[in-house]
Structure formats: structure tokens, C-alpha cells
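Colleague: All I have is the shape, not the residue letters:
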């Protein structure tokens with residue numbers, strides 16, 4: 001039984017080693033505490049749709065798929081997911097950890113870290129990227145030590161503070177309404193990121209995004225700008241430019257192919273956008289003429 005501050009983690013922690021009989025039906029585990037899953041080699045896993053989950057690949061690749069997106073996690077990255085059903089497929093060389101539980105278990109752990117019950121960090125918020133040394137170390141320790149949960153929860157709270165700082169800028173009469181708005185916006189940003197990372201040239205625009213958040217396009221633009229300081233189109237453009245730089249600098253893919261994969265209307269349009277973003281042509285960037293600063 002692990003303690004953090006004056007609160008006791010009194011929910012049991014169950015460990016599973018893949019392949020394991022972990023049911024995707026949350027009712028089978030509803031009151032069953034935390035579940036720590038360790039996997040190695042090729043395999044797949046589907047978690048209960050409503051359950052938040054934390055993923056950490058130590059090596060190899062985890063191919064993730066949700067209802068409207070697919071993406072890849074690699075070593076050095078982590079993700080806290082809470083946007084519905086999620087399926088994971090691990091590569092043959094993969095070694096990974098995951099932690100999951102019913103929403104009430106997560107919320108109870110986060111809320112009880114604070115004396116103030118209205119704290120904006122009282123539940124997990126989704127993120128993907130560098131977990132930080134504290135989160136990484138706590139997840140590894142959790143494989144053998146229940147007490148590591150006492151350091152993992154505050155480490156996760158620290159990791160999500162940049163995301164939580166956006167919450168006061170969301171619109172809504174109550175904290176719950178503002179949190180729901182932020183979750184919707186974060187999911188849309190995740191969809192845009194996945195779209196660019198997978199070089200999906202299918203059409204994606206504000207109307208498409210707004211429909212998934214049940215907003216009007218105009219409301220989505222206003223809300224996204226108020227919360228993040230840029231429109232969805234601005235964010236998508238930044239992502240696409242970053243992906244263009246990666247493909248130009250790190251692959252020998254022809255510019256015509258990059259143009260198609262990133263959904264630019266023509267090669268000339270791609271070349272203009274690239275030079276405007278980076279102050280050099282794609283040819284100069286590929287030759288290593290990097291005096292200009294990459295955006």
C-alpha cells in the first residue's frame with residue numbers, strides 16, 4: 001500500500017505480462033484497481049474504451065490505433081491516452097510498459113494529491129512526448145514495486161502542467177465544462193498530428209475537425225485561438241512544415257513524392273511554402289546549407 005502526502009493508494013495494483021488475458025470489457029475490471037502491463041515482442045492489446053492509459057515503449061515500436069487516427073510510439077516517447085477505445089500492436093523487438101485503470105481510480109489518485117478539490121490538475125489530461133526522467137523512472141520501478149505509484153502520480157501531474165495551464169483559457173460555466181472543452185481541443189490537435197505524421201494526403205480542414213468536436217467551424221477557430229494562441233490551420237501548417245523539413249533532411253525521397261504525401265496542391269506550392277518557412281529551398285536544405293534557422 002503506497003502513500004503520497006497524507007493520502008493512501010489503497011486500490012490494489014495487478015501486474016500482467018503479455019500475452020495476458022486482459023479483457024477489453026471494462027466491466028470485468030471495474031472495481032479491480034490499477035493494472036500494470038509489461039510486454040515484449042510482437043503482440044496486440046485492446047483496453048476498455050473508457051479507461052485512461054499510460055504507455056512507455058522502452059525499445060521498438062508501438063503502433064496505436066483509435067477510432068479516427070493511427071500513430072506510432074517509439075522508445076523515448078510516452079503517452080497518456082484518454083480519448084476512447086485504443087488498440088496497440090507491438091513490433092517484434094518491442095519492450096514496453098502500460099498502466100491503466102477505471103476513470104474513477106485515476107481521478108481519485110489525482111484529486112487526492114491536492115488539498116484544494118477544485119485544482120485544475122485533479123484528473124489526468126492527455127499528452128504525448130518526452131515523459132521526463134521522473135515519469136520514466138517511476139514507471140520502470142512500478143514493474144517490481146507498488147510504492148512507485150506514490151512517485152508516479154505527482155510526476156504525471158508535473159508532466160501535464162503545461163497542458164493544464166490551458167484550462168483557464170477554455171470557455172465554460174463550470175470547471176467540468178472547461179475541462180471537457182480542453183479535452184476536445186487536445187484530441188483535435190492529436191488528430192492533426194497523426195494526420196501529418198502518417199503522411200496522410202486525405203483532405204483535412206476546419207469543418208472536418210469541427211464536426212468531430214461537435215462545434216461549428218467558427219466556434220472552433222475562436223476557441224482554439226483563445227486557448228493556444230493560434231488557429232487550427234496555423235497549428236496544422238506548423239506541423240506540416242516540421243514534417244516537410246524532416247522528410248527533406250532525413251530521407252532521399254523526391255520532392256514530388258514529399259509534395260504528394262503532405263497534401264500540397266503542387267510541387268511549386270510545396271517549394272514556396274518550404275522556402276517561406278525555412279528561408280532556403282528544399283535543395284539547399286538537403287545539401288546541408290543550414291545557415292538559416294529551421295522553424
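Modeller: Yep, it's here. Being a predicted model, the structure only gives us computed values, none of them experimental. Numbers count the residues shown, from 1 in each chain.
Colleague: Give me the most central residue, the chain.
Modeller: Of all residues in the chain, the one closest to the mean position by CA atoms, centre = their mean is residue 128, 3.2 Å from it.
Colleague: how is this structure carved up into domains?
Modeller: 2-164, 173-295 (automatic domain parsing).
Colleague: Output these in CSV; the columns should cover mean pLDDT.
Modeller: Shown next, in CSV, are the domains of the chain (pLDDT from 0 to 100):
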stretch, mean pLDDT
domain 2-164, 86
domain 173-295, 90
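Colleague: returning to that earlier point: show me the contacts for the residue nearest to the centre of the chain.
Modeller: 73, 77-80, 190, 193 (CB atoms under 8 Å, 6 or more residues apart in numbering). Where you see a C-beta, it was placed from the backbone N, CA and C, and this is true even at glycine.
Colleague: try 6 Å this time
Modeller: residue 79 (CB atoms under 6 Å, 6 or more residues apart in numbering).
Colleague: host element of the nearest residue to residue 135 once chain neighbours are set aside?
Modeller: Nearest non-adjacent residue to residue 135, counting by CB to CB, 6 or more residues apart in numbering: residue 155, 4.6 Å away. Assigned by DSSP states H and E, residue 155 belongs to helix 149-159.
Colleague: which strands and helices sit next to that helix?
Modeller: Helix 149-159 is packed against strand 2-4, helix 132-142, with contacts defined by 3 or more CB pairs under 6 Å, 6 or more residues apart in numbering; DSSP states H and E.
Colleague: If we use 7 Å, what do you get?
Modeller: The contact analysis (3 or more CB pairs under 7 Å, 6 or more residues apart in numbering; DSSP states H and E) places helix 149-159 against strand 2-4, helix 103-111, helix 132-142.
Colleague: any idea of the angle it forms with helix 103-111?
Modeller: 80 degrees (axes from the mean of the first three to the mean of the last three CA atoms, to 10 degrees).
Colleague: and the gap between residue 131 and residue 260?
Modeller: 34 Å (CB to CB, to the nearest Å).
Colleague: let me fix that: residue 34
Modeller: Per CB to CB, residue 34 is found 45 Å from residue 260.
Colleague: Residue 11 too?
Modeller: Taken as CB to CB, the span from residue 11 to residue 260 is 50 Å.
Colleague: between those two, which one's more packed in?
Modeller: residue 11 (19 against 15; other CB atoms under 10 Å).
Colleague: For the protein, which segments count as helices?
Modeller: Under the criterion DSSP state H, the chain contains helices at 103-111, 132-142, 149-159, 161-164, 175-197, 206-213, 217-228, 232-250, 255-261, 267-278, 282-286.
Colleague: on that earlier part again, okay, the residue nearest to the centre of the chain and residue 214: tell me how far apart.
Modeller: Residue 128 sits at a distance of 23 Å from residue 214 (criterion: CB to CB).
Colleague: now swap in residue 146 and tell me
Modeller: 40 Å.
Colleague: The two - which one has more neighbours?
Modeller: The residue with more neighbours, out of residue 146 and residue 214 and counting by other CB under 10 Å, is residue 146; that gives 16 against 9.
Colleague: burial count for residue 133?
Modeller: Residues near residue 133, counting by other CB under 10 Å: 9.
Colleague: next one: residue 252
Modeller: With other CB under 10 Å as criterion, residue 252 counts 7.
Colleague: ok, now the one 4 residues further on?
Modeller: Taking other CB under 10 Å as the neighbour definition, residue 256 ends up with a count of 11.
Colleague: picking that back up, run through the bridge partners of the residue nearest to the centre of the chain.
Modeller: On the basis of DSSP bridges, residue 128 is bridged to residue 79.
Colleague: check contacts around the closest residue to residue 78 other than its chain neighbours.
Modeller: Nearest residue to residue 78, sequence neighbours excluded (CB to CB, 6+ apart): residue 131, at 3.6 Å. By CB atoms under 7 Å, 6 or more residues apart in numbering, residue 131 lies in contact with 56, 78, 159.
Colleague: Next: residue 141.
Modeller: Listed by CB under 7 Å, 6+ apart, the contact set of residue 141 reads residue 148.
Colleague: 8 Å - rerun?
Modeller: Per CB under 8 Å, 6+ apart, neighbours of residue 141: 148, 151.
Colleague: From residue 158, how far off is residue 284?
Modeller: For residue 284 relative to residue 158 (CB to CB), the value is 41 Å.
Colleague: out of these two, which sits in the busier spot?
Modeller: Higher neighbour count among residue 284 and residue 158: residue 284, with 17 against 13, using other CB under 10 Å.
Colleague: how close does that one sit to residue 256?
Modeller: Taking CB to CB, one finds residue 284 at 17 Å from residue 256.
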